[in-house]
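Chemist: fold the stuff below for me.
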Amino acid sequence: MVVSAVSAKRPLKDRSVVMIGPAMEAKGGMASVVQAYRDGGLFQRFSVTYLTSAVDGPAGAKLRAGVGCLTHLVRLLWRRQVTLVHIHVAQRTSCWRKGIFLAVAKAGRVPVVLHLHGSEFRQFYGDECGPFRRWLVRCMFQSADQVILLSSQWRRWMECNIPRARVVVVPNPAVCFVDQRQAEPLVVFLGRLGRRKGVYDLLEAFAALGEVAADWRLVVAGDGEVDAVRRRVSELGLDGRVSVPGWVGSEARSQLLSRAGIYVLPSYDEGLPMGLLEAMAAGIAVVSTPIGGIPDAVRDGTEGVLVTPGDVTALSEALARLMSDEKLRYRLGEAAARRVEADFSLEACAICFTDLYRRLVAG
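Modeler: Numbers count the residues shown, from 1 in each chain. So this is what the prediction gives:
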């Protein structure tokens, strides 16, 4: 069992918010969000007891984490040490696993918040679930006292598909992990490698740049289809200009962002990606797509450049434009940092949670 009572400096004397999610050292955006909450001091502010429901690794380790999390939740509920349960959820296995925690928390008669992160949740619900499983998903989200979504686009989708869910939009918080930036002719991608994130489109767009990108390098970092991406780099003749290091930890990620001249994320599906917010917070010009929560953070021509998913030509042209115009890169990066500070700070997130928690507990 992996349990983290992160309010250690202020011991749990009465009742606490119990937050359930993946191990903070796990790969993926959900873990990055929770890590940002912890590092930003939100757990201490709300006296959060964090229970780890999933870990990276073999099936046995995953099962032990899930059972341990459920056991600890039941124990806290039995002792009446819980004032509210906040569950981070995504698609597929995450959804069904978190449904069990939701049912147990509701049986314990405490308010429950479902916090949806899954970038592929629409595909999961619409294409992978039959009528019965869609009904189960609807029951799950409608029974939650509050559903947190990451963007206005996701809210519109939820209102159309699960209209009885009680939804509120709370964007992911952006944290700047970069102390000093020394921008280089370097394009950086951070995320799971595969078609959904537009990685293969990015490689083709970079290859099409020709002499425009003669002095520029591309780093494509993340887990997923690492070997397939490396093969594609070789097929396009980009060896020496494109590196694919695989998954990088927080320190290596910070080093990449400190050197990046451009951050690129040409995704087909997203929630509100933490890597993009971190790049914006660091003052890096971004090239991305107007999907998920990205348009809530990036306005085309103001904080970055937005292109249609799958449009390799437009992606290549956007990169070429930024590569050849240092003043434009600086202007977009400065505007991105200001936007994050105004609308995506940890303090703004804390204000939303304070209002939400108080309202649910009072209700």
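Chemist: from here on, contacts and neighbour counts on C-alpha atoms
Modeler: Fine.
Chemist: can you tell me the helix or strand for the closest residue to residue 140 other than its chain neighbours?
Modeler: Nearest residue to residue 140, sequence neighbours excluded (CA to CA, 6 or more residues apart in numbering): residue 99, at 6.4 Å. In the assignment (DSSP states H and E), residue 99 maps to helix 93-107.
Chemist: re the thing from before, how much space between the residue nearest to residue 140 and residue 231?
Modeler: According to CA to CA, to the nearest Å, residue 99 and residue 231 sit 39 Å apart.
Chemist: now residue 143
Modeler: As for residue 143, its distance to residue 231 is 47 Å (criterion: CA to CA).
Chemist: looking at those two, which is more packed in?
Modeler: residue 143 (19 against 12; other CA atoms under 10 Å).
Chemist: which SSE is the nearest residue to the more buried one once chain neighbours are set aside in?
Modeler: The shortest distance from residue 143 to any non-neighbouring residue, by CA to CA, 6+ apart, is to residue 165 (7.6 Å). Residue 165 belongs to no helix or strand when assigned by DSSP H and E.
Chemist: and residue 165, how many neighbours?
Modeler: For residue 165, the neighbour count with other CA under 10 Å is 19.
Chemist: for it, give its distance to residue 138.
Modeler: Taking CA to CA as the measure, residue 165 falls 8 Å from residue 138.
Chemist: also residue 21?
Modeler: For residue 21, the distance to residue 138 (CA to CA) stands at 21 Å.
Chemist: which SS class is the residue lying closest to residue 294 once chain neighbours are set aside?
Modeler: Using CA to CA, 6+ apart and skipping the chain neighbours, the partner closest in space to residue 294 is residue 272 (6.0 Å). Look at residue 272: counting by DSSP: H, G, I helix; E, B strand; the rest coil, its state is coil.
Chemist: and for residue 68?
Modeler: Assignment for residue 68 (three-state DSSP): helix.
Chemist: and it, how many neighbours does it have?
Modeler: 19.
Chemist: and it, what's its pLDDT?
Modeler: Looking at residue 68, its pLDDT reads 95.
Chemist: also residue 183?
Modeler: So residue 183 comes in at 87 (pLDDT).
Chemist: residue 263 versus that one, what's the distance?
Modeler: 11 Å.
Chemist: quick one: low-confidence parts of this protein?
Modeler: Applying pLDDT under 70 to the chain picks out residues 1-15, 177-179.
Chemist: mind listing the strands for it?
Modeler: All strands of the chain, identified by DSSP state E, fall at 3-4, 16-22, 48-54, 82-89, 112-116, 146-149, 167-169, 186-190, 217-221, 242-246, 262-265, 285-288, 304-306.
Chemist: JSON lines please, covering the ones you listed and showing distance to residue 127 and mean neighbour count.
Modeler: Shown next, in JSON lines, are these (distance: least, CA to CA, whole Å; neighbours: other CA atoms under 10 Å):
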{"stretch": "strand 3-4", "distance to residue 127": "35", "mean neighbour count": "16"}
{"stretch": "strand 16-22", "distance to residue 127": "25", "mean neighbour count": "23"}
{"stretch": "strand 48-54", "distance to residue 127": "25", "mean neighbour count": "25"}
{"stretch": "strand 82-89", "distance to residue 127": "18", "mean neighbour count": "23"}
{"stretch": "strand 112-116", "distance to residue 127": "18", "mean neighbour count": "24"}
{"stretch": "strand 146-149", "distance to residue 127": "20", "mean neighbour count": "22"}
{"stretch": "strand 167-169", "distance to residue 127": "23", "mean neighbour count": "19"}
{"stretch": "strand 186-190", "distance to residue 127": "27", "mean neighbour count": "24"}
{"stretch": "strand 217-221", "distance to residue 127": "29", "mean neighbour count": "22"}
{"stretch": "strand 242-246", "distance to residue 127": "30", "mean neighbour count": "18"}
{"stretch": "strand 262-265", "distance to residue 127": "25", "mean neighbour count": "26"}
{"stretch": "strand 285-288", "distance to residue 127": "25", "mean neighbour count": "27"}
{"stretch": "strand 304-306", "distance to residue 127": "27", "mean neighbour count": "24"}
